[in-house]
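Asks: Have a look at this prediction, sequence included:
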Amino acid sequence: MTFSLGPIPIKTPFILAPMAGCTDLPFRLLCREYGAGLCYSEMIACHGLVSQQQDCLELLLTTAAEQPVIMQLYGCDPGMMGEAAAILAELPIAGIDINMGCPMEKIVQTGAGAALMKNPRLAEKIITAVCKNSTKPVTVKIRSGWNQHTITAPEIAKIAEGAGAHAIAIHARTWTDGFTGPIDLKVILQVMQSISIPVIANGDITTHEQAQAMLKKTGCAGVMIGRAALGKPWIFSGSVNQHPSMAYRVKALLRHLELAEIHLAPEPNLSKIRNHAWKYFRGTTTGPAIRKQIDATTTYPELRSFIHTLAERVL
């Protein structure tokens, strides 16, 4: 099963969701190696990008090996979002995504992220500005709505399609739901019925089997996987044991470290890579002890040495 993002074919329907602090280049490359058909970047502040802030520029790191990749923008100023989209459109990327789903309080308080789900007029201005300033396909990541009394996803999906968006990714929970409770399949189906562009389903997917079931239940174009992919990039592959051995987990983490060392010179950020590293051992009997040792490391070389010592024990 495949779909197209504008002229770009997406070869598998399993997609890595954008996650702040997590979906950097090394992790995206790893997920592509395990079968993700498309990956999204961490969210990039439009103001920071336009003003060329270093922390935003670092998020633009990409390479041909990870294509297709989508860079995600957030903000609530249509003019600034348009300017930022023009900058991103110059990069060798597959497309640009507009974040209308982030539930973080500091994002929502500015009127960006999920706050746009209760402001369809502003959402339309932003989507229009981004589409007009981008030579690349534009996608929009939304939620069901602001709360259960304001389910605006079908309306905003229609607005997005009318403004020129090429695909919609919907996390089928409201802002007030956060990341808890069951997703609302009805809303995904309503969005699919309201537009003709591809719809990507997101939320509550924790296994490859669940992702396949979502495709069958809804007929959606793709399934987006977020937190469940952390420490488990093999979730994108149907040919891998989804409960792998300790040796398999360590090999995956060693590859993650290798990619991080190649692309995050002079060396990876310790807190960021530690946050990835311990997750490879979630659900194992020794996982809590390994996490404690990972958290105790104070430099990247120390962390790397510990993981190599672990590898010597299990490989």
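Replies: Arrived safely. This is a predicted model, so every value here is computed, not measured.
Asks: CA atoms only: put the lengthiest helix in the chain into PDB for me.
Replies: The longest helix of the chain (DSSP state H) is helix 246-263. Output in PDB follows, covering the C-alpha atoms of helix 246-263 (Å, rounded to 0.1, in the frame of the first residue of the first chain):
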ATOM      1  CA  MET A 246      18.500  -8.000  24.400                       C
ATOM      2  CA  ALA A 247      21.200  -8.500  21.700                       C
ATOM      3  CA  TYR A 248      18.900  -7.100  19.000                       C
ATOM      4  CA  ARG A 249      18.000  -4.100  21.100                       C
ATOM      5  CA  VAL A 250      21.700  -3.300  21.800                       C
ATOM      6  CA  LYS A 251      22.500  -3.600  18.100                       C
ATOM      7  CA  ALA A 252      19.800  -1.100  17.300                       C
ATOM      8  CA  LEU A 253      21.000   1.300  19.900                       C
ATOM      9  CA  LEU A 254      24.600   1.000  18.700                       C
ATOM     10  CA  ARG A 255      23.400   1.900  15.200                       C
ATOM     11  CA  HIS A 256      21.600   4.900  16.700                       C
ATOM     12  CA  LEU A 257      24.800   6.000  18.400                       C
ATOM     13  CA  GLU A 258      26.700   5.500  15.200                       C
ATOM     14  CA  LEU A 259      24.300   7.800  13.300                       C
ATOM     15  CA  ALA A 260      24.400  10.300  16.100                       C
ATOM     16  CA  GLU A 261      28.200  10.400  16.100                       C
ATOM     17  CA  ILE A 262      28.300  10.900  12.300                       C
ATOM     18  CA  HIS A 263      25.700  13.700  12.100                       C
END
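Asks: which strands and helices sit next to that helix?
Replies: helix 25-33, helix 270-277, helix 300-314 (3 or more CB pairs under 8 Å, 6 or more residues apart in numbering; DSSP states H and E). Any C-beta I mention is one placed from the backbone N, CA and C, and that applies to glycine too.
Asks: Report the buried residues of that helix.
Replies: 246, 248-257, 259-261, 263 (16 or more other CB atoms under 10 Å).
Asks: Equivalent analysis for stretch 39-58, please.
Replies: Buried residues in stretch 39-58 (16+ other CB under 10 Å): 39-50, 56.
Asks: One more: stretch 116-128?
Replies: So for stretch 116-128, counting by 16+ other CB under 10 Å, buried means 116, 117, 118, 119, 122, 123, 124, 125, 126, 127, 128.
Asks: Would you convert those into TSV that also reports distance to residue 215 and secondary structure?
Replies: Output for these, formatted as TSV (distance: CB to CB, whole Å; DSSP: H, G, I helix; E, B strand; the rest coil):
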residue	distance to residue 215	secondary structure
116	27	helix
117	25	helix
118	30	helix
119	31	coil
122	33	helix
123	27	helix
124	30	helix
125	33	helix
126	30	helix
127	26	helix
128	31	helix
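Asks: any idea which of those is closest to residue 271?
Replies: Comparing the buried residues of stretch 116-128 against residue 271 with CB to CB picks out residue 116 as the nearest, at 30.0 Å.
Asks: Quick check: closest non-adjacent residue to residue 40.
Replies: Once flanking residues are discounted, residue 40 sits nearest to residue 18: 3.8 Å by CB to CB, 6 or more residues apart in numbering.
Asks: for residue 119, same thing?
Replies: Spatially, and ignoring its direct neighbours in sequence, residue 119 is nearest to residue 111 (7.2 Å; CB to CB, 6+ apart).
Asks: For that neighbour, which residues are in contact?
Replies: 76, 119, 122 (CB atoms under 8 Å, 6 or more residues apart in numbering).
Asks: Closest one of those residues to residue 313?
Replies: residue 76 (50.4 Å).
Asks: Determine the number of other residues adjacent to the closest one.
Replies: 21 (other CB atoms under 10 Å).
Asks: Offset the numbering so it begins at 45, please.
Replies: With 45 as the first residue, the last one maps to residue 120.
Asks: before we move on, back to that, who's in contact with the residue nearest to residue 84?
Replies: 84, 85, 86, 87, 114, 116, 141, 143, 185, 270.
Asks: 10 Å instead, please
Replies: 72, 83-88, 114-116, 118, 141, 143, 145-146, 185, 213, 268, 270 (CB atoms under 10 Å, 6 or more residues apart in numbering).
Asks: and what of residue 187?
Replies: 144-147, 157-158, 160-161, 195-197, 200, 214-222, 231, 246-247.
Asks: Which of those residues are buried? Put it as a PyMOL command.
Replies: In PyMOL syntax, the buried subset of the contacts of residue 187 is picked out as below (16+ other CB under 10 Å):
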select buried, resi 144+145+146+147+157+158+160+161+195+196+197+200+214+215+216+217+218+219+220+221+231+246+247
